[in-house]
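K.L.:
using only what follows, build the 3D model:
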Amino acid sequence: MKKIMLGMVLGFILGSMSLMLVAATAIKVTDNKFPIVKDGQSVKLAAKNINGSTYLNLRDASALFNAPIKFENKTIYIGSDEPESDGPLREYFIDKTKYILYNDLERSLGTANVTAKVDEASGSIVFSKNGVNATTKYLVYLGKKYIPFDFYEKNILPLLK
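P.N.:
Numbering: from 1, shown residues only. Got it, this is the predicted structure:
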């Protein structure tokens, strides 16, 4: 009986020591406390510090640097010189919704005689051509305006033709 008790005590001590070693090498994750500045302007990003290194959400970084991102066939593609299959505008996914960057769209409006009026107070944009109007709310994300992609397909593409 003494041998069994001694074995249990010894096992408990060895087990406790191994737990201390694991705890000493555990991964430490904290919220990022460092300011993030792009082109002289502070930006808000959800970032984490993991063992002293800062990690950004890939979709946030994609939007911040105007680099389209897509996940296809278990591969992440960032940026491309080729236009997207749906047209010349790059597509962005923000909170699982597809958007296009308003600045990218704005460049193609003038060639099609489409005007756009941004109403900052209501957070909307009115697109007009030959008396036909289309209005949508825009999303401000990381300091840039984004238009819902489905609105672009249904309302703006017909104006561009």
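K.L.:
could you list the low-pLDDT ranges of the protein?
P.N.:
Residues of the chain meeting the criterion pLDDT under 70: 1-25, 80-88.
K.L.:
would you map the strands across it?
P.N.:
29-31, 36-38, 41-43, 47-50, 53-56, 69-72, 75-78, 91-94, 97-101, 115-119, 124-129, 132-137, 139-141, 144-148 (DSSP state E).
K.L.:
give me the distance from the third one to the chain's centre.
P.N.:
The offset between the C-alpha centroid of strand 41-43 and the centroid of the whole chain comes to 16 Å, using CA atoms, centre = their mean, to the nearest Å.
K.L.:
packing partners for it?
P.N.:
Applying 3 or more CB pairs under 8 Å, 6 or more residues apart in numbering; DSSP states H and E, one finds that strand 41-43 contacts strand 36-38. The way it works is simple: take the backbone N, C-alpha and C, and place the C-beta from them, glycine included.
K.L.:
quick one: strands adjacent to the strand it packs on?
P.N.:
Strand 36-38 has the following sheet partners, assigned by DSSP bridges: strand 41-43 (antiparallel).
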